[in-house]
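S.K.: take this sequence and fold it.
(one chain, ligands or ions: 2)
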Amino acid sequence: MNHGEAWGSGGRRGSHGRSPASKHRAHRPESESPMFPLDEYSGSRGRGSRGRGRWTQSRSPRNSPSQVYVKKSSQVSNVGLVEKAAQLEIKSPGDGIGSTTQPDEVAALKFSGDNMDLLQSSDSSCSKNINFSGGEEKVGARMPCDLVNRMRDVSFSGHESVSSTGDQKAEVSGVKDHDSAHKSCDVGNSLNESNTRPFDLFLQTKVVTLKPSLHAVNRVKRNATKGYTGSVIRPGMVLLKNYLSINDQVMIVNKCRQLGLGKGGFYQPGYRDGALLHLKMMCFGKNWDPETSQYGETRPVDGSVPPKIPVEFNQFVEKAIEESQSLVSSNSKKTKGEDGIPFMSPDICIANFYTSTGRLGLHQDKDESEESIRKGLPVVSFSIGDSAEFLYGDQRDTDKADMVVLESGDVLLFGGKSRNVFHGVRSILKDTAPKVLLDQTSLRPGRLNLTFRQY
Ligand SMILES: O=C(O)CCC(=O)C(=O)O
Ligand SMILES: [Fe+2]
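M.R.: Ligands and ions are numbered 1, 2, ... in the order given. This is a model prediction of the structure:
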């Protein structure tokens with residue numbers, strides 16, 4: 001992996017400066033223009049760092065894929081990717097993972113039902129199980145941004161349904177302050193000494209969720225049975241929309257949260273010069289070190305050994321590659337096999353968590369082995385939570401990049417001719433995560449991204 005600077009606010013390696021009025025293409029429908037020509041692999045294997053900076057306006061919202069097919073859920077049911085909604089069981093958010101009571105969390109006033117009216121409800125089924133869990137403020141002068149940004153967390157909850165209109169719970173406060181606190185920290189470049197303290201993907205809440213409304217359950221079922229849509233965005237790059245079911249997303253989030261709190265868990269990565277990345281990160285399998293742009297068996301910053309990749313994750317990845325391969329081969333007459341994606345079994349996974357101000361500069365993933373890159377073994381990316389504006393293109397130039405919105409459950413693969421594509425995250429679209437996912441997990445506002453690779 002090689003996260004070269006694409007635009008700069010404080011990055012030190014390979015900065016290309018900021019584009020004040022950058023415009024870029026959303027990915028084009030085939031009818032509008034053919035796939036743009038791909039230069040052969042863009043060559044340079046120089047080191048870089050994950051960039052920071054910003055893009056501005058998208059040139060056009062053209063988002064139709066070049067080739068599309070829709071796969072019904074039954075076709076992937078052997079790995080349980082779809083159609084699990086019927087079995088969906090609403091559980092308490094920790095889901096056996098256990099909840100920590102770190103004082104560093106965002107305030108979330110959660111209550112049963114969709115609206116504040118329920119707060120005034122005198123319904124005994126609501127009031128009998130109300131929890132207040134307000135952690136005391138212990139603001140330290142030099143705590144990491146997530147620790148500085150703390151507020152009282154109050155949960156109201158009930159075991160039984162109090163409203164036929166309500167989904168599980170709603171957040172009515174805290175998010176704004178949470179975001180602004182992150183913003184001030186995310187844009188800061190100073191290294192802080194607590195950057196190895198585990199970052200909790202969950203908000204600190206002790207919410208006992210209600211039974212979901214019929215409406216919410218039906219919505220989940222509808223989404224699950226819709227299946228997913230596959231499209232070849234450019235040779236070697238495939239987007240599987242809505243590929244991971246909500247149940248799978250919940251499982252992935254819970255696993256990441258659990259492992260993320262342990263050794264080798266989520267931390268605030270930084271560069272050699274002390275600049276911080278605009279995201280939290282952890283690795284599975286092997287550690288990727290942003291200071292050296294190299295993989296290793298341990299994380300230099302704290303000596304931790306990254307956890308193994310959960311086997312279920314690998315199954316999803318392998319299945320997604322197979323699905324992409326059949327999509328590509330069904331198009332192969334048209335493309336003369338140019339957009340092939342080789343198979344791989346991941347031994348590395350990098351998990352990024354972006355808050356609403358998170359981003360990642362245009363870069364190439366090129367720190368895997370030479371052989372892996374030469375063969376075009378794909379990088380497989382899972383998006384969960386809030387949507388992201390994802391840029392990609394042949395150059396480290398945001399003006400020339402195309403854009404696609406990656407939503408929760410989407411899987412993106414880039415291998416073969418696109419193995420060295422420049423890519424990055426321009427922005428996180430606030431409050432776009434599926435509500436049912438938040439109901440089920442207590443995932444913080446933001447986006448979890450997992451990228452799988454084979455060294
Ligand atoms: O968050 C994403 O979608 C991209 C992440 C990425 O490019 C990386 O971790 O190398
Ligand atoms: Fe990347």
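
S.K.: what parts of the protein come near ligand 1?
M.R.: Residues of the chain lying close to ligand 1 (CB under 6 Å from any ligand atom) are Met1, Ile350, Asn352, Leu360, Asp365, Ser381, Ala388, Phe390, His423, Val425, Asn449, Thr451. Every residue, glycine included, has its C-beta placed from N, CA and C.

S.K.: pretty sure the fifth one sits against Arg453.
M.R.: The reference is to Asp365. Yes - under the criterion of CB atoms under 8 Å, Asp365 makes contact with Arg453 at 6.8 Å.

S.K.: could you dump the residues of the chain next to ligand 1 into a markdown table and include pLDDT?
M.R.: Below are the residues of the chain next to ligand 1 laid out as a markdown table (pLDDT from 0 to 100):
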| residue | pLDDT |
| --- | --- |
| Met1 | 45 |
| Ile350 | 98 |
| Asn352 | 98 |
| Leu360 | 97 |
| Asp365 | 98 |
| Ser381 | 98 |
| Ala388 | 98 |
| Phe390 | 98 |
| His423 | 98 |
| Val425 | 98 |
| Asn449 | 98 |
| Thr451 | 98 |
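
S.K.: among these, which are in strands?
M.R.: Ile350, Asn352, Leu360, Ser381, Ala388, Phe390, His423, Val425, Asn449, Thr451 (DSSP state E).

S.K.: quick check: Gln315 vs Ile321, distance?
M.R.: Remark: distance between Gln315 and Ile321 (CB to CB, to the nearest Å) = 11 Å.

S.K.: of those two, which one has the most company?
M.R.: Ile321 (23 against 14; other CB atoms under 10 Å).

S.K.: what does the more buried one show for phi and psi?
M.R.: Torsion angles at Ile321 (phi, psi; degrees, to the nearest 10) stand at phi -70, psi -40.

S.K.: ok, for it, nearest residue in space, not its chain neighbours?
M.R.: Phe343 (5.5 Å; CB to CB, 6 or more residues apart in numbering).

S.K.: that neighbour falls within a strand, correct?
M.R.: No - under DSSP: H, G, I helix; E, B strand; the rest coil, Phe343 falls outside any strand and is assigned coil.

S.K.: what's across from the residue in the stretch 201-350 of the chain that ligand 1 sits nearest to in the sheet?
M.R.: Of all residues in the stretch 201-350 of the chain, Ile350 sits closest to ligand 1, at 4.8 Å by CB to the nearest ligand atom. With DSSP bridges applied, Ile350 shows beta-bridge pairing to Cys283, Thr451.

S.K.: show me what contacts it?
M.R.: Met1, Met281, Met282, Cys283, Phe284, Trp288, Leu450, Thr451, Arg453 (CB atoms under 8 Å, 6 or more residues apart in numbering).

S.K.: so where do the strands sit in the stretch 251-400 of the chain?
M.R.: Ranges of strands in the stretch 251-400 of the chain, per DSSP state E, counting those that start in this stretch, are 280-284, 287-289, 294-296, 348-354, 360-363, 379-385, 387-393.

S.K.: burial measure for the nearest residue to Asp289 once chain neighbours are set aside, as a count.
M.R.: With sequence-adjacent residues excluded and distances taken as CB to CB, 6+ apart, Asp289 is closest to Pro300, at 5.7 Å. Residues lying near Pro300 (other CB under 10 Å) number 12.

S.K.: contacts only, for Pro300.
M.R.: Applying CB under 8 Å, 6+ apart, the residues near Pro300 are Asn287, Asp289, Glu291, Thr292.

S.K.: for those residues, pick the one with the most neighbours.
M.R.: Asn287 (22 neighbours).

S.K.: just the closest residue of the protein to ligand 1, please.
M.R.: Asn449 (3.4 Å).

S.K.: would you quantify the distance from the residue nearest to Asp289 to Leu201?
M.R.: Separation of Pro300 from Leu201 (CB to CB): 23 Å.

S.K.: please enumerate the helices of this structure.
M.R.: 124-127, 145-148, 175-186, 214-226, 246-260, 311-330, 332-335, 370-374, 435-441 (DSSP state H).

S.K.: number of residues surrounding Thr357?
M.R.: Residues lying near Thr357 (other CB under 10 Å) number 20.

S.K.: same question for Leu377.
M.R.: Neighbours of Leu377 (other CB under 10 Å): 24.

S.K.: swap in Gly262?
M.R.: 12.

S.K.: quick check: chain neighbours aside, which residue is closest to it?
M.R.: Closest to Gly262 by CB to CB, 6+ apart is Pro307, at 6.8 Å.

S.K.: what's the pLDDT at that neighbour?
M.R.: Each residue has a pLDDT score; the one for Pro307 is 98.

S.K.: quick one: low-confidence parts of the chain?
M.R.: Low-confidence segments of the chain (pLDDT under 70): 1-197, 205-213, 215-217, 219-226, 333-338.

S.K.: repeat that for 80
M.R.: Along the chain, the parts satisfying pLDDT under 80 run over 1-197, 205-226, 332-339.

S.K.: who are the contact partners of Arg257?
M.R.: Ile97, Asp200, Leu201, Phe202, Thr441, Leu443.

S.K.: the fourth one contacts Leu438, correct?
M.R.: Think Phe202. No - counting by CB under 8 Å, Phe202 stays clear of Leu438, with 10.4 Å between them.

S.K.: between the two, which one's more packed in?
M.R.: Leu438 (25 against 22).

S.K.: what bridges to Phe422?
M.R.: Beta-bridge partners, per DSSP bridges, of Phe422: Gly393.
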